[in-house]
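Student: Structure for this input, please:
(chains A and B)
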Amino acid sequence: MIIEASGLWKTYGGFDALRGLDLSVPEGSVFALLGANGAGKTTAIRVLLNIITATRGTATVLGVNSRAIGPATLRQIGYVSESQALPARLRVDDFFTYVRSLYPTWQRGLERQLRRQLGLPADRRIGALSHGMRLKLALACALPFRPRLLILDEPFSGLDALVRDEIISGFIQQLDQLSILISSHELDELERLATHVAFLDAGRLLFQGTLAELRQHAGSAALSSSPTRPSSLRDIFISMTRAARERAGELR
Amino acid sequence: MIRQILAKDWRLLWPMALFVALIQLCMVWVEYTSGFFGAVPAVAHMLRPLTIAWYAGIALLAVAVVQQDAMAAVDQDWLIRPVKRSQLLLAKLLFVVLTVSVPMFVLDLARAVAGGFPLTASLAVVTYKELYVIVCLIVPVIALASTAARMSELVAFGAALVATYAVSVGVAAAAFGANSCPTCDSGVGWLQHLFGHLGVFVGAIAIIALQYFRRATNAARALLILGVVALVFVQLQWSAAWGIQCWLSPASNEAQGVSIALNSSPLVDPAINSAATPSVGGAARTLMHGDVGVAGRYVQGRAQRGAVQRRIELPLQISGMLAGELLYIDRAEVSWIDEQGRRLYRGTDSDVLAVDGSSSVAPSASAQLSNETIAVPAATYSAIASRASSLQLQYFLTLMTAEGRYRLNVQESEMRSAGLGHCAIQLSQDATSISLVCHTLGLAPTCLSATLYGVSQHNPEILRCDPDYRPYLPAMTDVLSGYALEIPIRDRSGLVHYPVPPSELAQSYVLLKVYQARGHFTRSAVASGLRLTNQG
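Tutor: Now for the predicted structure:
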């Protein structure tokens, strides 16, 4: 497993953002982390990357305890997030110069190819780029060092369909030998990409497995109360989330 | 990696860094061109706003560079990059040193050399000063900046810290009065400042370590608030400060022969006075320089304003001093005890003991008489006056000797010397006094006296003492220390007659004597069976 988490809890004040999350991301998979707003997807990713510390529980990423993740591990992880704060006053070219210097395995050829394909303007300040262009820039900086693991936190948020398609077809689907952990609301896109999925609701894991296992699970008795059998990822997501909330309501 | 982070921060912040360097350049230019007497008022007036801009610019630049890769944030790009935090910290520190300290070093050195001071001495003092700025300003600002994710957050947190400081000062002043800072306004006050700076530095290092190696923002902020409260409440007690000062100073044989005794019974001023109300502006100005004790005295003064006081003169006889020596009373503690051993009154010159005129004594003979005046509350006076009592005096004293004598012709107007620095004199516009202003590298003299000598006579000696026994702690904004003395030569009201006539000024000269502390010691005097008597 490229990521393994066991019993992760994260509490902010009195609020539990993660409640005993267990996660196993197989190497080479495209693992989709699904959940409604506030389900704990971003918190889980931040805990895994040691950006924040879990209140309880353990996790390993690339075989390293997530609390001990340092530069050596980060050299193998590419990360793109909608909330990533890039230095707004820096020009695109200068940002590449800076990021390039941090990775010994950086491939200039791949960088040039990505920049050309994504149409990133070299002289523009990052702050002057549109949201979509900033995401493209983050993506273009997350790949040229050939990471073993790519973590994408809401990478399609606010992007139009054309850009989404460019990113998925142009890049993510072409990345071989790479494990991807992706969290998103864009279920249609994820259905094209994901080999594995995990459902989170209110910090709890509802399900994890392959897409086939998910469909099997969705057809089981647990969800049969639904008038129609859910077939798409979107339908399954809605059914599972509703069912989880009903159970939580009953418990209350 | 440090080089790459530096290069990235330079690309982002070079306009700001240049602006801060420009402020420093303007500051040095204004200090240099305003000369001794502020000959160009417009330039001299720029000094205050420039000083504020100097501090603000340096602080903002340090904050900006730290927050380019903020520790307290969770969305920063550096968090997912293979960047060693120790290198990140070093890069930030190095950036501030390169953009603030290096220009400051060059400008200060230029200022000192342009002021006529030797290069070697200038290099030593300038290096010391830049280290002082790094330790006392830059490192604490970096620590503060690391506790916030962005500027708005820092402003809010900074406001909370200022409020905490203000409330702490208020509470300390109300609870302890003048004792909230026992060493303030004294020659040993530098020890409190030194411990304060050390505390701030150690606290800043702890906060930086917490943030850069653990990213423990809540703990760092708690430490910061605790540190601000500690700055107000943790005060060096007088006896401890005095003990350290005595330990640091070489033993003085000259001081062993000095004694103080009450010459006769205390005399009571028949006039009944009201306690003066201290000025809010004065208290606020001194507070800005970090003197908590002033706030304490202000609160105490407000509480006692208008209270009826009686003034009691203590006639003192001081013996055992040699010519050219000067005795400075750093602190006097007065206790009145009745026949049953009950303490009726205890005061110090830092709270209710009023020092009459000068608190220093320069004898010309083997014994010297001096009066010290204390003002006591009327109720305390009644208790003292109604019975026989004994008076206990404890003096904390510094013996000073004239280390150098310098002659400055009034006509020449400027003089340079190793002991005084660069001095200039100027006749005031109304021709009532001569102003003496000196700039020196390092520490200004503790006491300085000036005597105007005419053709055949001389005016009384004018003494200026600003006791500060520190080895040397520089001012942050200027590598040179300045000091001044006003020498009166004519009284417009005609009440005072000066022996040297103004017509002789062209042939006159000023004799300056620089006093340095030679030893610190204590003396006590006890007088028993006293009955207070009115002076009138």
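Student: going forward, measure contacts between C-alpha atoms and count neighbours the same way
Tutor: Fine.
Student: any residue of the helix or strand containing B:Val232 up close to chain A?
Tutor: Remark: B:Val232 resides in helix B:217-233, with elements defined by DSSP states H and E. No - judged by Cα under 8 Å from any Cα of the partner chain, helix B:217-233 and chain A are separated, with a smallest distance of 11.3 Å.
Student: And the contacts of the following helix or strand past that helix?
Tutor: Using DSSP H and E, the helix or strand that follows helix B:217-233 in sequence is helix B:238-248. Helix B:238-248 is contacted from outside by B:182-183, B:188, B:191-192, B:469, B:519-521, using Cα atoms under 8 Å, 6 or more residues apart in numbering or on different chains.
Student: Mind giving me the packing neighbours of the helix holding B:Val232?
Tutor: Applying 3 or more Cα pairs under 8 Å, 6 or more residues apart in numbering or on different chains; DSSP states H and E, we find helix B:217-233 packed against helix B:151-176, helix B:189-209.
Student: who's in contact with that helix?
Tutor: By Cα under 8 Å, 6+ apart, helix B:217-233 touches B:72, B:144, B:147-148, B:161, B:164-165, B:168-169, B:172, B:180, B:196, B:199-200, B:203, B:206-207, B:210-211, B:292.
Student: out of the contacts of helix B:238-248, who's nearest chain A?
Tutor: B:Gln192 (39.2 Å; Cα to the nearest Cα).
Student: Buried subset of the contacts of helix B:217-233, written for ChimeraX?
Tutor: Here is the ChimeraX selection string for the buried members of these, based on 16 or more other Cα atoms under 10 Å in any protein chain shown:
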select /B:72,144,147,148,161,164,165,168,169,172,180,196,200,203,206,207,210,211,292
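Student: nearest spatial neighbour of the residue in the stretch 51-200 of chain A that chain B sits nearest to, skipping sequence neighbours?
Tutor: Closest contact between the stretch 51-200 of chain A and chain B, by Cα to the nearest Cα, is at A:Pro71 (3.7 Å). Distances taken as Cα to Cα, 6 or more residues apart in numbering or on different chains place B:Pro82 nearest to A:Pro71, at 3.7 Å, with adjacent residues excluded.
Student: is it true that the one you found touches A:Gly70?
Tutor: Yes - between B:Pro82 and A:Gly70 there is a contact under Cα atoms under 8 Å: 6.8 Å.
Student: and stretch B:43-62, does that touch chain A?
Tutor: No - judged by Cα under 8 Å from any Cα, stretch B:43-62 and chain A are separated, with a smallest distance of 15.2 Å.
Student: Show me what counts as buried in that stretch.
Tutor: Buried residues in stretch B:43-62 (16+ other Cα under 10 Å): B:43-44, B:47, B:50-51, B:53-55, B:57-62.
Student: will you turn those into TSV that also has pLDDT and secondary structure?
Tutor: Listed next are the buried residues of stretch B:43-62 as TSV, based on pLDDT from 0 to 100; DSSP: H, G, I helix; E, B strand; the rest coil:
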residue	pLDDT	secondary structure
B:Val43	72	helix
B:Ala44	71	helix
B:Leu47	83	helix
B:Leu50	91	helix
B:Thr51	90	helix
B:Ala53	94	helix
B:Trp54	93	helix
B:Tyr55	93	helix
B:Gly57	96	helix
B:Ile58	96	helix
B:Ala59	95	helix
B:Leu60	96	helix
B:Leu61	97	helix
B:Ala62	96	helix
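Student: which other residues reach the one helix or strand B:Val102 maps to?
Tutor: In the assignment (DSSP H and E), B:Val102 maps to helix B:102-114. Residues outside helix B:102-114 that contact it (Cα under 8 Å, 6+ apart): B:21, B:24-25, B:28, B:32, B:118-119, B:122-123, B:126-127, B:130, B:441, B:478-480.
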